[in-house]
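Undergrad: here is my input; please provide its structure:
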Amino acid sequence: MSHTHIWRVARALAVVGAMLSVPAVTAAQHQHDHAAGATSMLTATPLTFGLFKARFESDGAFTLEGWGWPTFTGEWRRAGDQLAIVTATGPAGCEAMGRYRLTESAADVRLAVVEDACRPRQMILDGSTWVPEGTPVVHAERRITRHGAEARPLPAPAPAAGSWPSFRGPLASGVADGQRLPVRWNGTTGEQILWRVAVPGLAHSSPIVWGDRVFVTTAVSSDPNATFRPGLYGDGDASEDRSPQRWMVIAFDKRTGAKVWEQVAHEGPPVEKRHIKSTYASATPATDGRIVVAWFGSHGVHAYTVDGDPLWRVDLGRVDLGAYDIPTYEWGTASSPIIWNDLVILQCDTQADSFLLALDARTGEVVWKTARDEFPSWGTPSVLPTSAGPELVTNASNFIRGYDPKTGDLRWQLGGSSKITAPTPILAGDTIVVASGRAPERPLFAVRPGARGDLTLPEGVTSAGHVAWSYTGRGSYMPTPLYYDGLLYVLGNNGIFDAYDARTGAEVYRQRLPEIGSGFSASPVAADGHIYLSSEDGDVIVIAAGREFRLVATNPMGDLLMATPALSEGVMYVRSAGSLFAVSGAVAPRP
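TA: Below you'll find the model as predicted:
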């Protein structure tokens, strides 16, 4: 430790005593406070909050440690309900004193920041509730309630040909050949744009298609200045938008862009918070050609006929998702519903409890519910038709898991994921591929179907048993990988684009995209030998599929792009921050 650092810490400790009007730390003073009951909870035992442990020693020593964080060590003082902390070790720039208001009960200690220039320390301590180490975590029982009429006949579905029924299309594959899409267009000038319509509100949910209709969801804030912040950054703050919202489902005619119907699913102030980069409608809806299902987190699962008639609503209660280690950081939901064999399947991993849920698509009644020991997650589940039969696969922090989709029974699990997971499991040939992109793990796994039991690999091992191959440090953070013509493509948020031989896992190429800007959140899609990558800054980049990287075109849309495009019958439906575009090769080029 440098002499300058020691001097700064000593000065901060002196300031603490002056500001709290208490003398310098002495063991006798702390023992007196403890005897008087002033610090009984603080000094009696180590305290825990989330994945953190704090020790307030009776001699004034302070330690704060957590998984993946530098350890803070220093000293603490208390005067009344004011707590002052100075840390000599920890992240750089945290030598200055922080002050917190302390509320102590027989069960816990709660802290609220008064002032603290140390951002990492404030992230952990502000709003935190600390309990003695070893205290069992007890969550209120979750009540799932259904609302709606009894089952009634549903309209016959339009032919499934050309459908894009859920996030990233059939099986979340992102592939639809035979589209004859243009490789060059311009959303600003209208070149190769069949139509463009404004979509109100904020939403990162992707469009879906069945028959002659395109369905989208949105959340319309009563605050005209409500927005989100794109870009490559690590801030975990929630948006300040707590204004009343209207959560909506909208259907458009896919040929003309004319609005066919809209429904307000819920209206009122948000129950949950959202990340500053997210929205209150980030989950993509799903359809089977008869019903359309939208999940708005704490504001319910809503089902309509494809003609817009309300069918049922299921209330899951408060759904709290956020930082795995700091429970006070809330980010909102994004996992999308899927429909399989008349079941609406949801992956709901929260700070309180985690579970998979299957609802009867016709009525909303619970068919099965499977509890999970998980951190919050944002990936959409997939039912993949493998050679061993259908497998329901989920991506989450503790384990990637495979289930029987008919019953919810666990078949296998695989550890080694990132602590934050968002990509959706896909099928690459007859191999299950799952990725996640938060450091340090950032894994990419290829799993053979039909597994049973625990598949977790020993440290340093990249393949064994049903794990065909794997990488660390190569998984994607937000975009779901793409399997196309024998190759597996992985798009990083930071614009690193990888191609692998899907069978062997051998790297084919690794390429930094020429235009990165704010990065990539949308997942790649493919058609007719081309791969389409939507950047947050508003460009759709076209790459030639194959074993050599080749940039074909960069197409500006004139608006931010966070959602994944949908492909249907010669049209690419691109949802931007404010519009829905229909890009088509059938549009005559402008002279």
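
Undergrad: R121 falls within a helix, correct?
TA: Yes: assessed with DSSP: H, G, I helix; E, B strand; the rest coil, R121 lies in a helix.

Undergrad: any low-confidence regions in this protein?
TA: Residues of the chain meeting the criterion pLDDT under 70: 1-40, 588-591.

Undergrad: which residues touch the residue nearest the centre of it?
TA: The structure's the chain has its C-alpha centroid closest to W378; by C-alpha atoms, centre = their mean the separation is 3.4 Å. Residues counted as contacts of W378 (C-beta atoms under 8 Å, 6 or more residues apart in numbering) are L321, T333, A334, S335, I420, T421, A422. No exception for glycine: its C-beta is placed from N, CA and C like everyone else's.

Undergrad: how does it look with 6 Å?
TA: Listed by C-beta atoms under 6 Å, 6 or more residues apart in numbering, the contact partners of W378 are A334, S335, A422.

Undergrad: what does A582 give?
TA: Applying C-beta under 6 Å, 6+ apart as the definition, the contact partners of A582 turn out to be L194, W195, V571, Y573.

Undergrad: please export the C-alpha coordinates of the helix or strand W247 falls within as CSV.
TA: Per DSSP states H and E: W247 is located in strand 245-253. Output of strand 245-253 as CSV, limited to C-alpha atoms (Å, rounded to 0.1, in the frame of the first residue of the first chain):
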residue,chain,number,x,y,z
GLN,A,245,-48.2,1.9,-18.2
ARG,A,246,-50.5,0.3,-20.7
TRP,A,247,-49.3,-3.2,-21.6
MET,A,248,-50.6,-4.0,-25.0
VAL,A,249,-50.8,-6.7,-27.7
ILE,A,250,-51.2,-5.5,-31.3
ALA,A,251,-51.9,-7.4,-34.5
PHE,A,252,-51.0,-6.0,-37.9
ASP,A,253,-51.9,-7.2,-41.4
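
Undergrad: and the next element down the chain from it?
TA: Toward the C-terminal end, the helix or strand that comes next after strand 245-253 (DSSP H and E) is strand 259-268.

Undergrad: could you list the residues in contact with that next one?
TA: Around strand 259-268, the neighbours that count as contacts under C-beta under 6 Å, 6+ apart are 244, 246-253, 299-300, 302, 308.

Undergrad: cutoff 7 Å now
TA: With contacts defined as C-beta atoms under 7 Å, 6 or more residues apart in numbering, strand 259-268 is touched by 213, 244, 246-253, 294, 296, 299-300, 302, 304, 308, 310.

Undergrad: okay, the angle between that strand and strand 245-253?
TA: Here the directions of strand 259-268 and strand 245-253 differ by 170 degrees (axes from the mean of the first three to the mean of the last three C-alpha atoms, to 10 degrees).

Undergrad: ok so W312 is a strand residue?
TA: Yes: under three-state DSSP, W312 falls within a strand.

Undergrad: how many residues are close by A198?
TA: 8 (other C-beta atoms under 10 Å).

Undergrad: number of nearby residues for the residue nearest to it when sequence neighbours are not counted?
TA: Using C-beta to C-beta, 6 or more residues apart in numbering and skipping the chain neighbours, the partner closest in space to A198 is S579 (5.6 Å). The number of residues packed near S579 is 16, by other C-beta under 10 Å.

Undergrad: list the contacts of S579.
TA: Each residue near S579 by C-beta under 7 Å, 6+ apart is listed here: R196, V197, A198, V199, D559.

Undergrad: among these, which two are most distant?
TA: Between all members of those, the longest pairwise span (C-beta to C-beta) is found for V197 and D559 and amounts to 12.6 Å.

Undergrad: what's in contact with the strand or helix carrying A526?
TA: Here A526 sits within strand 525-527, counting by DSSP H and E. Counting by C-beta under 7 Å, 6+ apart, the neighbours of strand 525-527 from elsewhere in the structure are 168, 174-177, 179, 181, 482, 484, 532, 545, 564-565, 567.

Undergrad: partner strands of the strand holding W247, with direction?
TA: Taking DSSP bridges as the criterion, strand 245-253 pairs within the sheet with strand 213-221 (antiparallel), strand 259-268 (antiparallel).

Undergrad: can you name the next helix or strand after the longest one?
TA: Of the helices and strands lying after strand 259-268 in sequence (DSSP H and E), the nearest is strand 286-287.

Undergrad: which strands and helices sit next to that next one?
TA: With contacts defined as 3 or more C-beta pairs under 7 Å, 6 or more residues apart in numbering; DSSP states H and E, the secondary structure elements packing on strand 286-287 are strand 208-210.

Undergrad: among the contacts of strand 525-527, which ones are in strands?
TA: L482, Y484, Y532, L567 (DSSP state E).

Undergrad: who wins for most neighbours among the residues you listed?
TA: Of all these, the highest neighbour tally under other C-beta under 10 Å goes to L482, namely 28 neighbours.

Undergrad: if we can go back for a sec, wait, which of the contacts of A582 is closest to E391?
TA: Distance to E391 across the contacts of A582 (C-beta to C-beta) is lowest for Y573, with 29.1 Å.

Undergrad: which strands or helices does the helix or strand the closest one falls within pack on?
TA: Secondary structure from DSSP H and E places Y573 in strand 571-575. For strand 571-575, the contact count by 3+ C-beta pairs under 7 Å, 6+ apart identifies strand 579-584 as packing neighbours.

Undergrad: show me the strands paired with the strand it packs on, marking each as parallel or antiparallel.
TA: Taking DSSP bridges as the criterion, strand 579-584 sits next to strand 193-198 (antiparallel), strand 571-575 (antiparallel) in its sheet.

Undergrad: show me how far that strand is from its chain's centre.
TA: When C-alpha coordinates are averaged (C-alpha atoms, centre = their mean, to the nearest Å), strand 579-584 and its chain have centres 26 Å apart.

Undergrad: restricting to C-alpha, output that strand in CSV.
TA: This file holds the C-alpha atoms of strand 579-584, laid out as CSV (Å, rounded to 0.1, in the frame of the first residue of the first chain):
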residue,chain,number,x,y,z
SER,A,579,-41.6,1.3,-35.8
LEU,A,580,-42.3,-2.0,-37.4
PHE,A,581,-40.7,-2.4,-40.9
ALA,A,582,-41.5,-4.9,-43.7
VAL,A,583,-38.4,-5.4,-45.8
SER,A,584,-39.1,-7.2,-49.1
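
Undergrad: now the buried members of the contacts of strand 525-527.
TA: With neighbours counted by 16 or more other C-beta atoms under 10 Å, these contain buried members at 168, 174-176, 179, 181, 482, 484, 532, 545, 564-565, 567.

Undergrad: could you identify the most distant pair in these?
TA: With distances taken as C-beta to C-beta, the most widely separated pair in these is A545 and T564, at 17.3 Å.

Undergrad: so which bits of stretch 440-459 are buried?
TA: E441, R442, P443, L444, F445, A446, V447, R448, P449, A451, L455, L457.

Undergrad: out of those, which is nearest to A112?
TA: Proximity of those to A112, judged by C-beta to C-beta, is greatest for E441, which lies at 33.3 Å.
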